[in-house]
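**Student:** output the structure for:
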Amino acid sequence: MIVQKLPWAGIRIQSGNSSVVIDPLFHFPSKFDQSHEPLFPLSEFGPVDAVLITHHHGDHFDPEAIAEFYGADVPVYMSNQSLKFAEGSNLSGLQGFSVGDTIQVGSITVAASYSVDGVGDPQISWIVQSGGKQLIHCGDTLWHGYWWKIVREYGPFDAVCLPVNAAVVQFPGMRPSGQPITMSPEQAVSAAVVLEAKALIPIHFRAIHHPPIYHETPNLLDRLQTAAQDRVELAVLNTNETLTL
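**Tutor:** Below you'll find the model as predicted:
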(Lines give C-alpha, C1' and ligand atoms only; values in the text may rest on other atoms or scores of the structure.)
Protein backbone atom coordinates (compact mmCIF):
# COMPACT_ATOMS: atom_id res chain seq x y z
CA MET A 1 0.00 0.00 0.00
CA ILE A 2 1.41 3.37 -1.09
CA VAL A 3 0.16 6.52 0.64
CA GLN A 4 0.60 9.76 -1.30
CA LYS A 5 0.14 13.15 0.33
CA LEU A 6 -2.03 15.73 -1.41
CA PRO A 7 -2.38 19.35 -0.26
CA TRP A 8 -4.15 20.14 3.01
CA ALA A 9 -6.04 17.01 4.11
CA GLY A 10 -5.87 15.00 0.89
CA ILE A 11 -4.46 11.49 0.67
CA ARG A 12 -4.24 9.11 -2.30
CA ILE A 13 -3.86 5.39 -1.56
CA GLN A 14 -2.70 2.87 -4.14
CA SER A 15 -2.55 -0.89 -3.81
CA GLY A 16 -1.73 -2.91 -6.90
CA ASN A 17 -3.86 -1.59 -9.75
CA SER A 18 -6.45 0.00 -7.44
CA SER A 19 -6.45 3.47 -5.95
CA VAL A 20 -8.72 5.73 -3.91
CA VAL A 21 -8.39 9.35 -2.86
CA ILE A 22 -9.68 11.02 0.31
CA ASP A 23 -10.67 14.71 0.49
CA PRO A 24 -8.87 15.95 -2.65
CA LEU A 25 -8.73 19.75 -2.95
CA PHE A 26 -7.90 22.02 -5.89
CA HIS A 27 -10.27 25.01 -5.70
CA PHE A 28 -9.31 26.85 -2.54
CA PRO A 29 -12.24 28.29 -0.54
CA SER A 30 -12.22 32.06 -1.17
CA LYS A 31 -13.16 32.95 2.42
CA PHE A 32 -9.67 31.88 3.48
CA ASP A 33 -7.93 34.26 1.01
CA GLN A 34 -4.93 32.41 -0.51
CA SER A 35 -3.52 28.98 0.21
CA HIS A 36 -0.23 28.89 2.10
CA GLU A 37 0.85 25.82 0.13
CA PRO A 38 0.63 25.16 -3.62
CA LEU A 39 -2.42 23.41 -5.03
CA PHE A 40 -2.12 21.19 -8.10
CA PRO A 41 -4.51 19.73 -10.68
CA LEU A 42 -5.68 16.45 -9.20
CA SER A 43 -4.69 14.62 -12.38
CA GLU A 44 -1.04 15.20 -11.45
CA PHE A 45 -1.38 12.71 -8.59
CA GLY A 46 -2.64 9.89 -10.79
CA PRO A 47 -6.01 8.27 -11.56
CA VAL A 48 -8.40 6.93 -8.94
CA ASP A 49 -11.17 4.34 -8.87
CA ALA A 50 -13.19 6.08 -6.16
CA VAL A 51 -13.30 9.29 -4.12
CA LEU A 52 -13.93 9.22 -0.36
CA ILE A 53 -15.18 12.39 1.35
CA THR A 54 -15.08 12.81 5.13
CA HIS A 55 -17.51 15.77 5.14
CA HIS A 56 -18.98 18.46 2.93
CA HIS A 57 -16.97 21.54 4.01
CA GLY A 58 -15.36 23.37 1.09
CA ASP A 59 -11.80 22.54 2.15
CA HIS A 60 -12.61 18.80 2.02
CA PHE A 61 -15.26 18.44 -0.68
CA ASP A 62 -14.40 20.01 -4.04
CA PRO A 63 -17.05 18.64 -6.44
CA GLU A 64 -15.94 20.85 -9.32
CA ALA A 65 -12.39 19.48 -9.18
CA ILE A 66 -13.59 15.90 -8.74
CA ALA A 67 -15.72 16.15 -11.88
CA GLU A 68 -13.01 17.97 -13.85
CA PHE A 69 -10.11 15.67 -13.08
CA TYR A 70 -11.73 12.31 -12.28
CA GLY A 71 -14.92 12.54 -14.31
CA ALA A 72 -18.47 13.40 -13.25
CA ASP A 73 -19.37 9.71 -13.06
CA VAL A 74 -16.55 8.65 -10.71
CA PRO A 75 -17.92 6.92 -7.57
CA VAL A 76 -17.93 9.44 -4.70
CA TYR A 77 -18.71 8.17 -1.20
CA MET A 78 -19.72 10.39 1.70
CA SER A 79 -21.96 10.31 4.75
CA ASN A 80 -25.66 9.79 4.04
CA GLN A 81 -26.29 12.96 6.00
CA SER A 82 -23.88 14.90 3.77
CA LEU A 83 -25.59 14.02 0.49
CA LYS A 84 -28.01 16.94 0.76
CA PHE A 85 -25.05 19.34 0.76
CA ALA A 86 -23.89 17.89 -2.57
CA GLU A 87 -27.16 18.70 -4.32
CA GLY A 88 -26.53 20.89 -7.33
CA SER A 89 -23.16 19.38 -8.17
CA ASN A 90 -22.77 17.59 -11.48
CA LEU A 91 -21.44 14.44 -9.84
CA SER A 92 -23.55 11.49 -10.91
CA GLY A 93 -21.75 8.83 -8.85
CA LEU A 94 -22.58 10.10 -5.36
CA GLN A 95 -23.33 7.37 -2.84
CA GLY A 96 -24.19 7.65 0.84
CA PHE A 97 -22.41 5.75 3.60
CA SER A 98 -23.10 5.12 7.28
CA VAL A 99 -20.71 4.11 10.05
CA GLY A 100 -20.02 0.39 9.69
CA ASP A 101 -20.71 0.22 5.96
CA THR A 102 -18.02 -1.34 3.75
CA ILE A 103 -17.34 -1.50 0.04
CA GLN A 104 -14.77 -3.15 -2.23
CA VAL A 105 -12.85 -0.97 -4.68
CA GLY A 106 -10.74 -3.39 -6.69
CA SER A 107 -8.22 -4.85 -4.26
CA ILE A 108 -9.02 -2.19 -1.63
CA THR A 109 -11.60 -2.59 1.14
CA VAL A 110 -13.11 0.64 2.46
CA ALA A 111 -15.10 1.04 5.69
CA ALA A 112 -16.71 4.07 7.31
CA SER A 113 -16.15 4.79 10.98
CA TYR A 114 -16.55 7.52 13.56
CA SER A 115 -15.47 11.15 13.39
CA VAL A 116 -16.71 14.23 15.29
CA ASP A 117 -17.02 17.55 13.47
CA GLY A 118 -15.92 20.74 15.21
CA VAL A 119 -19.01 22.74 14.19
CA GLY A 120 -21.57 19.96 14.46
CA ASP A 121 -21.85 18.88 10.83
CA PRO A 122 -21.97 15.24 9.70
CA GLN A 123 -18.55 13.67 9.31
CA ILE A 124 -17.08 10.18 9.03
CA SER A 125 -13.60 8.70 8.99
CA TRP A 126 -12.41 6.24 6.35
CA ILE A 127 -10.60 2.98 6.97
CA VAL A 128 -8.73 1.63 3.95
CA GLN A 129 -7.42 -1.94 3.92
CA SER A 130 -5.41 -3.86 1.32
CA GLY A 131 -2.59 -6.38 1.19
CA GLY A 132 -2.60 -6.91 4.93
CA LYS A 133 -2.14 -3.18 5.63
CA GLN A 134 -4.64 -0.64 6.85
CA LEU A 135 -4.92 3.10 7.31
CA ILE A 136 -7.50 5.40 8.85
CA HIS A 137 -8.14 8.99 7.70
CA CYS A 138 -10.13 11.02 10.23
CA GLY A 139 -10.89 14.22 8.32
CA ASP A 140 -10.65 17.26 10.61
CA THR A 141 -12.08 15.58 13.67
CA LEU A 142 -12.08 16.77 17.24
CA TRP A 143 -10.74 14.56 20.02
CA HIS A 144 -13.47 12.05 20.89
CA GLY A 145 -14.15 8.85 22.78
CA TYR A 146 -14.67 6.61 19.77
CA TRP A 147 -10.94 5.89 19.43
CA TRP A 148 -11.21 2.85 21.70
CA LYS A 149 -14.23 1.50 19.83
CA ILE A 150 -12.42 1.94 16.50
CA VAL A 151 -9.27 0.16 17.65
CA ARG A 152 -11.29 -2.71 19.15
CA GLU A 153 -13.08 -3.23 15.84
CA TYR A 154 -10.30 -2.52 13.34
CA GLY A 155 -6.95 -1.95 15.03
CA PRO A 156 -4.05 -1.90 15.10
CA PHE A 157 -3.30 0.49 12.22
CA ASP A 158 -0.23 0.75 10.05
CA ALA A 159 -0.85 4.49 9.59
CA VAL A 160 -3.28 7.09 10.88
CA CYS A 161 -3.97 10.41 9.13
CA LEU A 162 -5.01 12.93 11.78
CA PRO A 163 -5.53 16.71 11.82
CA VAL A 164 -3.01 18.66 13.88
CA ASN A 165 -3.70 22.38 13.45
CA ALA A 166 -6.06 23.00 16.42
CA ALA A 167 -7.86 25.65 14.38
CA VAL A 168 -9.66 28.42 16.25
CA VAL A 169 -12.29 30.10 14.08
CA GLN A 170 -14.52 33.14 13.99
CA PHE A 171 -16.98 32.44 11.21
CA PRO A 172 -19.67 35.04 10.39
CA GLY A 173 -22.94 34.32 12.13
CA MET A 174 -21.33 32.10 14.78
CA ARG A 175 -20.50 33.26 18.30
CA PRO A 176 -16.74 32.66 18.73
CA SER A 177 -15.82 30.05 21.34
CA GLY A 178 -12.07 30.54 21.42
CA GLN A 179 -11.78 26.74 21.38
CA PRO A 180 -10.15 24.63 18.64
CA ILE A 181 -12.47 22.88 16.20
CA THR A 182 -9.81 20.31 15.21
CA MET A 183 -7.29 18.24 17.12
CA SER A 184 -4.03 19.67 18.45
CA PRO A 185 -0.62 18.13 17.76
CA GLU A 186 -0.60 16.60 21.23
CA GLN A 187 -4.10 15.17 20.83
CA ALA A 188 -3.21 13.66 17.45
CA VAL A 189 -0.25 11.84 18.97
CA SER A 190 -2.42 10.57 21.82
CA ALA A 191 -5.05 9.32 19.36
CA ALA A 192 -2.36 7.58 17.30
CA VAL A 193 -1.14 5.81 20.43
CA VAL A 194 -4.67 4.69 21.36
CA LEU A 195 -5.22 3.46 17.79
CA GLU A 196 -2.02 1.40 18.09
CA ALA A 197 -0.60 3.07 15.01
CA LYS A 198 2.83 2.35 13.61
CA ALA A 199 2.96 5.79 11.97
CA LEU A 200 1.16 9.11 12.31
CA ILE A 201 0.73 11.11 9.11
CA PRO A 202 -0.26 14.67 10.08
CA ILE A 203 -2.85 16.31 7.84
CA HIS A 204 -4.93 19.49 7.83
CA PHE A 205 -2.20 22.09 8.29
CA ARG A 206 -0.18 24.65 6.29
CA ALA A 207 -2.73 25.71 3.68
CA ILE A 208 -5.13 27.73 5.84
CA HIS A 209 -4.13 30.46 8.26
CA HIS A 210 -6.28 33.56 7.88
CA PRO A 211 -6.92 35.28 11.22
CA PRO A 212 -9.31 36.09 12.67
CA ILE A 213 -11.53 33.82 10.56
CA TYR A 214 -9.21 30.83 10.82
CA HIS A 215 -6.20 30.67 13.11
CA GLU A 216 -3.74 27.77 12.97
CA THR A 217 -2.06 26.82 16.23
CA PRO A 218 1.61 27.91 16.45
CA ASN A 219 4.72 25.73 16.34
CA LEU A 220 2.74 22.64 15.46
CA LEU A 221 5.55 20.67 13.83
CA ASP A 222 7.89 21.21 16.78
CA ARG A 223 5.10 20.23 19.15
CA LEU A 224 4.39 17.11 17.09
CA GLN A 225 8.02 16.05 17.28
CA THR A 226 8.09 16.55 21.03
CA ALA A 227 4.81 14.75 21.66
CA ALA A 228 5.64 11.83 19.34
CA GLN A 229 9.08 11.10 20.80
CA ASP A 230 9.29 7.49 21.98
CA ARG A 231 5.53 7.07 21.42
CA VAL A 232 4.81 6.83 17.68
CA GLU A 233 6.69 7.18 14.40
CA LEU A 234 5.98 10.55 12.80
CA ALA A 235 5.71 10.64 8.99
CA VAL A 236 5.48 14.30 7.94
CA LEU A 237 4.87 14.25 4.19
CA ASN A 238 5.04 17.19 1.83
CA THR A 239 2.65 17.30 -1.11
CA ASN A 240 3.34 14.46 -3.58
CA GLU A 241 5.63 12.60 -1.18
CA THR A 242 4.77 8.97 -0.53
CA LEU A 243 4.97 6.46 2.28
CA THR A 244 4.99 2.72 1.55
CA LEU A 245 3.31 0.63 4.22
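**Student:** below-threshold pLDDT in the chain: ranges please.
**Tutor:** When the per-residue scores of the chain are filtered using pLDDT under 70, no range remains.
**Student:** taking the centroid of it, which residue is nearest it?
**Tutor:** The residue at the geometric middle of the chain, judged as the C-alpha nearest the mean C-alpha position with CA atoms, centre = their mean, is residue 139 (3.4 Å).
**Student:** mind listing what that one touches?
**Tutor:** Applying CB atoms under 8 Å, 6 or more residues apart in numbering to residue 139 gives the contacts 9, 23, 54, 55, 60, 115, 117, 123, 124, 125, 163, 204. (Glycine included, C-beta is placed from N, CA and C.)
**Student:** run through the residues that contact the nearest residue to it once chain neighbours are set aside.
**Tutor:** By the measure of CB to CB, 6 or more residues apart in numbering, the closest residue to residue 139 outside its immediate chain neighbours is residue 54, 3.1 Å from it. The neighbourhood of residue 54, defined by CB under 8 Å, 6+ apart, consists of 9, 22-23, 60, 78, 115, 123-126, 137-140.
**Student:** same check, this time on residue 40
**Tutor:** Each residue near residue 40 by CB under 8 Å, 6+ apart is listed here: 7, 26, 239, 240.
**Student:** the first one: what secondary structure?
**Tutor:** Per DSSP: H, G, I helix; E, B strand; the rest coil, the secondary structure class of residue 7 is coil.
**Student:** gap between it and residue 212?
**Tutor:** 23 Å (CB to CB, to the nearest Å).
**Student:** same thing with the third one?
**Tutor:** Taking CB to CB as the measure, residue 239 and residue 212 are separated by 27 Å.
**Student:** more neighbours: which of these two?
**Tutor:** The residue with more neighbours, out of residue 239 and residue 212 and counting by other CB atoms under 10 Å, is residue 239; that gives 18 against 10.
**Student:** skip the chain neighbours and tell me the closest residue to the more buried one.
**Tutor:** Nearest residue to residue 239 in three dimensions, chain neighbours excluded: residue 7, at 5.2 Å (CB to CB, 6+ apart).
**Student:** tally of neighbours for that neighbour?
**Tutor:** When neighbours are defined as other CB under 10 Å, residue 7 has 25 of them.
**Student:** the residue nearest to the centre of the chain belongs to a helix?
**Tutor:** No: under the criterion used here (three-state DSSP), residue 139 is coil, not part of a helix.
**Student:** how near is it to residue 66?
**Tutor:** 16 Å.
**Student:** now swap in residue 168 and tell me
**Tutor:** Applying CB to CB, the value for residue 168 to residue 66 is 29 Å.
**Student:** mind checking which of the two has more residues around it?
**Tutor:** More crowded of residue 168 and residue 66, by other CB under 10 Å: residue 66, with 26 against 19.
**Student:** what secondary structure does the spatially closest residue to the more buried one that is not a sequence neighbour sit in?
**Tutor:** Closest residue to residue 66 in three dimensions, ignoring its sequence neighbours and counting by CB to CB, 6+ apart: residue 51, at 5.6 Å. When states are read from three-state DSSP, the local structure at residue 51 comes out as strand.
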